[in-house]
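A.B. asks: sequence first, then the predicted structure:
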Amino acid sequence: MAKIIYVDHLGTERSIDVKSGLTVMEGAVKNNIPGIDADCGGACACATCHVYVDPAWLEKVGAASAMEESMLDFAEGVQPNSRLSCQIKVTDDLDGLKVTTPETQH
Amino acid sequence: MSAADAKGIVIVGAGHAGGSCAAFLRQFGYAGSIVLLGDEPLAPYQRPPLSKAWLKGEADADQLRLRPDSFYTENGIELRTSTRASCVDRAGKRVVLSDGAAIFYDRLILATGRRARRIPLKGLEREGVLELRTAADADRLKASLSAPGRRLVIIGGGYVGLEAAASARALGAEVTVVEKEPRVLARVACETLSSFFQDYHRARGVVFILGAGVAALEGEAAVTAVRLDDGRLLAADVVLMGVGAVANDELAQEAGLSCENGIVVDLAGRTADPSIYAIGDCSRRPLPHYDRVGHLESVPNALEQAKQVAADITGRAPPAPEVPWFWSDQYDLKLQIAGLALDAPTLVVRGDPATAHFAVFHLSSDHRVRAVEAVNAPPEFMAGRQLIGAGKPVAPDKLRDMSISMKEVAA
C-alpha cells in the first residue's frame, strides 16, 4: 500500500491509498481522479494516462521503457518528467509519490 | 416508486460506456440521482481483456473491474446489477423493468451495448458451442479449455476470433479458425495486415480454413464436430462463434426512436427525444473526420460519447471530436489502428511486415492520412492519429522512408 498524491492542473491535491501491484493509472481510475482517461485500460496503447512525476520522485519511479518513450514522444505537452501512469507499478517504496495530471489527455 | 422520484438520470446498461458516463457525471459536478442498471451480475468491467489476459488467466477480477464496488455507493450512484429494462415509456418518462417495477427519469441514457451475432446454424444449441461477449462467456470458454490439447474451432476470423485463438494457443489448445471470406479481418483491415496475421498465427500452430462456410455443428448433447459446406468434418471439443455483433437497440426501437443498426444520435449523444441519449456500442453516430455516420465498437468511443453526454447534461463545453482508434493484442504483437480506411485509395507500407514491426497508411487521393494500421509501431500509430486529425497532406515517399522519423513526417 502506498499513498499516491494526484494533483490536478489547477493544483488541487487528492491523496489516495493505492494497493501495491496496481498501477498509478489504476489507482486514479478506480477512485475517479479527474484528468486520467486510460482509454486502453493499461495496454500502453493510447497515451491517455499521461502524468508529470514530481521531480523529487523521478529516480525512485525509474525510467520509461522504449515502447512507453515512443508513445510519450507524441503525447501533448510532454516534459522531461512525463510518464504514462499505466506503466508505473505502485510499491511500498512509492509511498508519498506525487504526480500531476494535465488538463486534458490526447 | 412515485412521480416524486422523477428527478434524476437513469442509465440502462452498466458496461464501459454506462459506468464511465456515471463517473464523468459526478466528475463534472452533477449532483442529482443516478441509477445505473445492468443485466449482468457484475459492476462495470473491461471487456477487452476477456479474449486476452483474462482468458489466459493473467488478470484477476479486481483488475477487470473498472472501479471497486465501493465506488458506486461512495459517489451516490445506485448500481443495480442483474436488472433488465423491458421498455421505455417516453410519455411517462419512465423505464419499466422486467419485474414490472418502474423508474422515473429526467434524462435517460441508453448504453445497452451489442450482443454476439447468432447466425442460423444447425446445432448452435449443443453444449460446448460458445460465444465471447461477457465475463460469464469468457469464464465458460476458459473452463472448457482448462485441459491442454482441447480442440477449439473458431467460426469467424475477426478480432475476437483471432485474439481468442492466440490466447487458446497459450493455454495449449489445438486451434482451427474457419472464415467465410478469403482472408481473416476481411471487413476491418487491409490485405497486408490480414496476410501478416495469418502467417503469424500459422507459425504458432493455428490452422486457418478460409473461404469456407459452415453447414452444421454436429454431435449429440455436446458438440463433436463442425461440418463445412463442402462436407469436410472438423473434430471439435469446443466451438467459439465469433461472427460479429448486433446492436441492442430494441428498447429504443420499441420506444419509436430512430435506429439503423444502432440508435441514431448526434455529437452530443442525443437522440431525437431531448430527454434520451445513447452511447457506446449500441449507438450510431456522426463521424466528424469522415463526413458520414456509423457505429464504432471500441472503448475509446464509449468513453468519448460518455464524456459528450456528461458534458451536455452538466452544461460543459462539448469535448473536441476525436480520431477513432482501436487496439488488439495477440501473442507479442501490439496492433494499434487509428482512423477509418474510408475514401483512401492509396496504401503506403512503412517498414517490413517480415520484421513484425511495420505500419500501413491509408491515404486519400490528395494524400491526407485517413487511417493507419500499426503493428508494434507506436510512433507510426501516434503520428498517424495526429495526421488524421490535422487533415494535412503528407508525401508518400517520406512516409515510406524509415530513415525519416515519424516526428519529421508529421511536422
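C.D. replies: Received, thanks. Residues are numbered from 1 along each chain as shown, chains lettered A, B, ... in the order given.
A.B. asks: secondary structure class for the residue in the stretch 251-400 of chain B that chain A sits nearest to?
C.D. replies: Closest residue of the stretch 251-400 of chain B to chain A, CB to the nearest CB: B:Met382 (3.3 Å). Backbone N, C-alpha and C define where each C-beta goes, glycine included. Following DSSP: H, G, I helix; E, B strand; the rest coil, B:Met382 is assigned to helix.
A.B. asks: contacting residues for the closest residue to it other than its chain neighbours?
C.D. replies: Using CB to CB, 6 or more residues apart in numbering or on different chains and skipping the chain neighbours, the partner closest in space to B:Met382 is A:Phe74 (3.3 Å). Residues near A:Phe74 by CB atoms under 8 Å, 6 or more residues apart in numbering or on different chains: A:Ala47, B:Pro378, B:Pro379, B:Met382, B:Ala383, B:Arg385, B:Gln386, B:Met406, B:Lys407, B:Ala410.
A.B. asks: could I get these as CSV with secondary structure, distance to B:Leu36 and neighbour count?
C.D. replies: As requested, the contacts of A:Phe74 are exported to CSV (DSSP: H, G, I helix; E, B strand; the rest coil; distance: CB to CB, whole Å; neighbours: other CB atoms under 10 Å in any protein chain shown):
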residue, secondary structure, distance to B:Leu36, neighbour count
A:Ala47, coil, 29, 28
B:Pro378, helix, 34, 25
B:Pro379, helix, 39, 20
B:Met382, helix, 33, 26
B:Ala383, helix, 38, 29
B:Arg385, helix, 31, 27
B:Gln386, helix, 35, 18
B:Met406, helix, 41, 27
B:Lys407, helix, 43, 12
B:Ala410, helix, 40, 20
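A.B. asks: shouldn't B:Lys122 be in contact with B:Leu217?
C.D. replies: Yes. Counting by CB atoms under 8 Å, B:Lys122 touches B:Leu217, with 6.7 Å between them.
A.B. asks: who has more neighbours, those two?
C.D. replies: B:Leu217 (23 against 12; other CB atoms under 10 Å in any protein chain shown).
A.B. asks: what residues does the stretch 1-150 of chain B have near chain A?
C.D. replies: Neighbours of chain A within the stretch 1-150 of chain B, by CB under 8 Å from any CB of the partner chain: B:Ala23, B:Arg26, B:Gln27, B:Gln46, B:Pro48, B:Pro49, B:Gln63, B:Leu66, B:Arg67, B:Pro68, B:Phe71, B:Asn75.
A.B. asks: got the residues you listed as TSV, with distance to A:Tyr6 and secondary structure columns?
C.D. replies: Converted to TSV, the residues of the stretch 1-150 of chain B next to chain A look like this (distance: CB to CB, whole Å; DSSP: H, G, I helix; E, B strand; the rest coil):
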residue	distance to A:Tyr6	secondary structure
B:Ala23	15	helix
B:Arg26	16	helix
B:Gln27	13	helix
B:Gln46	21	coil
B:Pro48	24	helix
B:Pro49	24	helix
B:Gln63	20	helix
B:Leu66	18	coil
B:Arg67	15	coil
B:Pro68	16	coil
B:Phe71	15	helix
B:Asn75	16	coil
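A.B. asks: show me where pLDDT drops low in the chain?
C.D. replies: Chain wasn't specified; assuming chain A. Scanning chain A for pLDDT under 70 picks out A:106.
A.B. asks: switch to chain B, that's the one I care about
C.D. replies: If you take pLDDT under 70 as the line, chain B has these spans: B:1-7.
A.B. asks: state which helix of it is the longest.
C.D. replies: Criterion DSSP state H: the longest helix present in chain B is helix B:299-314.
A.B. asks: report the distance from that helix to the chain centre.
C.D. replies: Per CA atoms, centre = their mean, to the nearest Å, the displacement of helix B:299-314 from the mean C-alpha position of its chain is 16 Å.
A.B. asks: for stretch B:224-236, same thing?
C.D. replies: Worked out by CA atoms, centre = their mean, stretch B:224-236 lies 29 Å from the chain centre.
A.B. asks: what does it contact?
C.D. replies: If you take CB under 8 Å, 6+ apart as the criterion, stretch B:224-236 is touched by B:128, B:151-153, B:155, B:176, B:178, B:209, B:212-219, B:223, B:237, B:239.
A.B. asks: only the buried residues of it, if you could.
C.D. replies: B:Thr224, B:Ala225, B:Val226, B:Arg227, B:Leu228, B:Leu234, B:Ala236 (16 or more other CB atoms under 10 Å in any protein chain shown).
A.B. asks: spell out, range by range, the helices that occur in chain A.
C.D. replies: Using DSSP H, helices in chain A cover A:24-30, A:58-61, A:66-72.
A.B. asks: for PyMOL, what selects the buried ones among the contacts of stretch B:224-236?
C.D. replies: The PyMOL command for the buried members of these (criterion: 16+ other CB under 10 Å) is given here:
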select buried, chain B and resi 128+151+152+153+155+176+178+209+212+214+215+217+218+219+223+237+239
